[in-house]
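> I would like the atomic coordinates for the input below:
(2 chains)
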Amino acid sequence: MTTRVRFAPSPTGYLHIGAARSALFNWLYAKKTGGKFLLRIEDTDLQRSTDESTRSIIEGMEWLGLTYDEEIVFQSANADKHRAAAYKLLEEGKAYRDFTPKAERNDATIKQGIADRARAQSAEGTDHRSNPFRDLSPEESQQRADAGEPFAVRLKVARDGKTHFADQVYGPQERDYSEIEDLVLLRSEGNPLYNLSVVIDDIEMGITHVIRGQDHLTNTHKQVLIYEALGAPVPEFAHLPLILAPNKGKLSKRKHGEVVSLTTYRDRGFVPAAFRNFLALLGWAPSDGKEVLSLDELVQEFSLEHIHRSPAVFNFQENDARHWTDEKALWMNSEYIRTMPLEELLPMVKAELRANKLWREEYDEDDREWLLKAMDLIRQRFFTLKDFSGQGRAYFSDDFDFEPAAVNKNLRKDPNLQQLLPALADRFDETDPFNAETAEATLRKFAEDNNVKAGLLINGSRTMLTGQAVGPSMFEVFAILGQKRSVERLRSGVPWFDAANALGDV
RNA sequence: GGCGCAUUGGUGUAGUUGGUUAACACGCCGCCCUCUCAAGGCGGAGACCACGGGUUCGAGUCCCGUAUGCGCUACCA
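Have a look, this model is predicted:
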């Protein structure tokens, strides 16, 4: 039997990184076992579901390279089947009509309400089987329904016994029936509830392995009960440890904002493969400890057995721009940027330059080689794709900013540079051919002639040519920027030496 | 309130059948390299393996208890 797994998000917001990880693990498992990976949008909550959210989920998965194998299933389209299943159980006496009037619940105090009710029930001595309608005769139940009295349909959970299932991650699980209420299958308005819908859809889609967040672990017992009532085979389950915020609390948009949204990583210059790689390491690790893994390696190494049982903390620091997300994610991204094949990096750099009006059509043709060399030179110290248009701007445009600190440190510090740099420009102008080696020879000779340290000229040049205090080897920079631009920029710096024009004492 | 799950350095993890100086990665610090910053190389700080009891010659690994965190407990998903 080929394995069939699914990712089943509800489209009530952006794609959460925890959900993205679930999608990834399902996808990896499907590939690993040669099975199918399906996508189901759980849009039964029509109030909260939006098309925009559905689009963002699909986009996010595309970005991560998680392709699904069959048509997307929209859960709302299956409501009739869910209802039919509930009615079938009703007919068979495995479910019953509950005519208790629907109680209004307040989302904000729901947890407290649950605890309060539990306490009250325990004081009264009532239990999960105390519903007065549980044992109503079929005839009377039918009569009241025919008379138009509203009712919910509840599963009739047996008084004695236990449910069992073997979770692939958490091991054998069992739960006494007495702990499980007669769960509602159908609301009084006739709409199916989550636990029913998932089960029916999973049966319908032929799902063999349900891989999802640990928050569903205890609900699984209820679902097992539904499978059994329906006489359907129960799939394998594998629950994934949750991803927590640094304070070990729940990672949520309301509290933590955009760090939890997958699209943030796309928008802030992550390489999809890097983020995917990072995500794979949250709650899972390959047996050999190797952490930088290609997609193929990920598929090869992936196994449910190596999934952790304890929750993983997504380690970012709020209100700290430098550590806005997990440092390991940032490191992983830089690792990919500086080591991945240039040809693969190129389209991403192109998109980034384009978005900032730094792209020139020649980069696709005559200047393609130049672009690849420039990328290779500057990517060594970049962390995100954004750096190509940010720190890297001076390589693609003459219109770039000077960092005040760099100007102070490398230019204003020594007034002699005011004459030295233009003079160096004159030497460069006569250097032929002009390349990294000749630029170095020229500069060092010039330094000697003028009895100054080469470092002074090198650092001054760096700031003149790139606006920055840090960057690649300067001779490589001269070479990549070329003779003309190097000379121009060395000559153009008069204002920086003027104290009145100071950028402020940084 | 009940039930469940978890607990190895700041973070991610390895440590699958009890015997290790508790390993690796990120981060942090230092040195080398050097025109700067990275990268790279080398080294370092940082964990009484949540706590308390057992079992055992021996426990991060097994058992019991406690604490803490999280989850579920809903006519939410």
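> for the stretch 151-300 of chain A, what lies in contact range of RNA strand B?
A:151-152, A:170-171, A:173, A:175, A:179, A:181, A:184, A:187-189, A:191, A:193-195, A:214-219, A:241-242, A:244, A:246, A:248-250, A:281-285, A:287, A:289, A:291 (Cβ under 7 Å from any atom of the strand). For glycine as for every other residue, the C-beta is placed from the backbone atoms N, C-alpha and C.
> ok, of those, which come out buried?
Neighbour-count burial (16 or more other Cβ atoms under 10 Å) applied to these gives A:151-152, A:170, A:173, A:175, A:184, A:188, A:191, A:193-195, A:214, A:216-217, A:241-242, A:244, A:281-284.
> show me where chain A has strands.
Remark: strands assigned in chain A by DSSP state E are A:4-7, A:36-41, A:73-74, A:95-98, A:152-155, A:162-167, A:171-176, A:184-186, A:209-213, A:236-240, A:243-244, A:312-313.
> nearest to residue A:364 among those would be which one?
In terms of Cβ to Cβ, the element of the strands of chain A nearest to residue A:364 is strand A:36-41, at 34.6 Å.
> can I get the CA coordinates of that closest one in CSV?
Coordinates of each C-alpha in strand A:36-41 appear next as CSV, following Å, rounded to 0.1, in the frame of the first residue of the first chain:
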residue,chain,number,x,y,z
LYS,A,36,1.7,10.9,-2.1
PHE,A,37,1.5,14.2,-0.3
LEU,A,38,-1.9,15.9,-0.4
LEU,A,39,-3.2,19.3,0.6
ARG,A,40,-6.5,19.9,2.2
ILE,A,41,-7.8,23.3,3.2
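> what is the mean pLDDT for it?
Looking at strand A:36-41 alone, the average pLDDT works out to 97.
> list the neighbouring strands of it plus their orientation.
Strand pairing for strand A:36-41, determined by DSSP bridges: strand A:4-7 (parallel), strand A:73-74 (parallel).
> can the last one be said to contact RNA strand B?
In other words, strand A:73-74. No: using Cβ under 7 Å from any atom of the strand, strand A:73-74 stays clear of RNA strand B, coming no nearer than 11.5 Å.
> just the residues contacting that strand, thanks.
A:38, A:39, A:40, A:41, A:43, A:201, A:205 (Cβ atoms under 8 Å, 6 or more residues apart in numbering).
> phi and psi next, for the closest residue to residue A:389 other than its chain neighbours.
Excluding the flanking residues, the one nearest residue A:389 by Cβ to Cβ, 6 or more residues apart in numbering is residue A:356, at 4.0 Å. When quoted as degrees, to the nearest 10, the phi and psi of residue A:356 stand at phi -110, psi 20.
> run a quick neighbour tally on residue A:356.
As a burial measure, residue A:356 scores 15 neighbours (other Cβ atoms under 10 Å).
> which residues touch residue A:475?
Taking Cβ under 8 Å, 6+ apart, we find residue A:475 in contact with A:436, A:437, A:439, A:440, A:443.
> what's the closest non-adjacent residue to the fourth one?
In this case it means residue A:440. In space, residue A:440 is closest to residue A:475, 4.4 Å off (Cβ to Cβ, 6+ apart).
> just confirm residue A:446 contacts residue A:457, I think it does.
Yes: with contacts counted by Cβ atoms under 8 Å, residue A:446 reaches residue A:457, the gap being 7.0 Å.
> more neighbours, the two?
With neighbours defined as other Cβ under 10 Å, residue A:446 and residue A:457 compare such that residue A:457 has more, 25 against 18.
> so that one is in contact with residue A:448, correct?
No: applying Cβ under 8 Å as the test, residue A:457 and residue A:448 come out as separate, 10.8 Å apart.
> against RNA strand B, how distant is the residue nearest to residue A:389?
22 Å (Cβ to the nearest atom of the strand, to the nearest Å).
> buried subset of the contacts of residue A:475?
When those are checked for burial by 16+ other Cβ under 10 Å, the buried set is A:439, A:440, A:443.
> count of neighbours near residue A:407?
Neighbours around residue A:407, by other Cβ under 10 Å: 26.
> report the separation between it and RNA strand B.
As judged by Cβ to the nearest atom of the strand, residue A:407 and RNA strand B stand 13 Å apart.
> doesn't residue A:463 make contact with that residue?
Yes: if you go by Cβ under 8 Å, residue A:407 and residue A:463 touch, sitting 6.1 Å apart.
> how near is residue A:368 to RNA strand B?
On the measure of Cβ to the nearest atom of the strand, residue A:368 and RNA strand B end up 24 Å apart.
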